[in-house]
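A.B. asks: have a look at this prediction, sequence included:
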Amino acid sequence: MNHRWSNRLTVLTVLVFAALALQGTGAFSGINEWVNSNLPLVDTPVMNFLTMLGGDVFLVLFGIFAFLTERREKGGISAGTAAFLLTVAFGLAAVGVLKFIFAEPRPRPDYGTYAFPSGHAFRAAVIAAYGADRWRKYAPAFWAYAVGIALTRLFLHVHWLGDVLFSLLFAPWLYLLLKSLLGGKFE
């Protein structure tokens, strides 16, 4: 198997493990609370609709679109698309395990289970990582979408800054790692 390692993957590896260490040591606490206390609560129907674009339904629809588009265009799937699908499966499982391990309460405790890391930001970032890799000319739009979803989570006060920041780093790191292991090329 041809393993490829890129500079981007190296930088993301350092950032992901640094963010994990900062979370584990509680170093994000002060900035998390400062950001949360300085952002207005924007719990509107529009904000709730926008944040749903980082949910499971949108991810499944995008995955089906990506899979069918590549099958139609190429007759099969590339290492990038396979890495995307594996990243979704392994990444969401890892997000669930990390939520359990860290057991970080949400800024709005009545909003659900644990905060760290953000599943919505992970889903959006994995779409952005794959979409930006596959359709390069739309990369800024894909990343604007991912950052936008992360911001909705902050404005709804359902996640801390550290939660969304980790997810925005973790998804592309895992995607690039799996793409590398599957022999995908970095351009």
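C.D. replies: Perfect, thanks for sending it. Numbers count the residues shown, from 1 in each chain.

A.B. asks: secondary structure element for Gly63?
C.D. replies: Secondary structure assignment for Gly63, by DSSP states H and E: helix 56-74.

A.B. asks: buried set for that helix?
C.D. replies: Buried positions in helix 56-74, judged by neighbour count with 16 or more other CB atoms under 10 Å: 58-59, 62-63, 66, 70. Yep, even glycine has a C-beta here, placed from its N, CA and C like the rest.

A.B. asks: contact partners for the residue minimising distance to the centre of the chain?
C.D. replies: Residue closest to the average C-alpha location in the chain (CA atoms, centre = their mean): Phe122, at 2.1 Å. Contact partners of Phe122, counting by CB atoms under 8 Å, 6 or more residues apart in numbering, are 91-92, 95, 167, 170-171.

A.B. asks: how far away is it from Lys74?
C.D. replies: 27 Å (CB to CB, to the nearest Å).

A.B. asks: check Ala66 too.
C.D. replies: With the distance defined as CB to CB, Ala66 ends up 12 Å from Lys74.

A.B. asks: what pLDDT does the residue lying closest to Phe102 once chain neighbours are set aside get?
C.D. replies: Nearest in space to Phe102, with sequence neighbours left out and distances taken as CB to CB, 6 or more residues apart in numbering, is Phe116 at 4.6 Å. Each residue has a pLDDT score; the one for Phe116 is 93.

A.B. asks: the one helix or strand Leu15 maps to: which residues count as buried?
C.D. replies: Taking DSSP H and E as the definition, Leu15 sits inside helix 7-25. Buried residues in helix 7-25, defined by neighbour count with 16+ other CB under 10 Å: 9, 12, 15-16, 19-20, 22-23.

A.B. asks: distance between that helix and the chain's centre?
C.D. replies: On the basis of CA atoms, centre = their mean, to the nearest Å, helix 7-25 sits 14 Å off its chain's mean C-alpha point.

A.B. asks: returning to that earlier point: and the buried residues of helix 56-74 as TSV, adding distance to Pro40 and pLDDT?
C.D. replies: Output for the buried residues of helix 56-74, formatted as TSV (distance: CB to CB, whole Å; pLDDT from 0 to 100):
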residue	distance to Pro40	pLDDT
Phe58	25	96
Leu59	28	96
Phe62	30	96
Gly63	34	93
Ala66	35	91
Glu70	41	88
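
A.B. asks: now, among those, which is nearest to Phe142?
C.D. replies: Distance from Phe142 was checked for each of these by CB to CB. The minimum falls on Phe62, at 10.4 Å.
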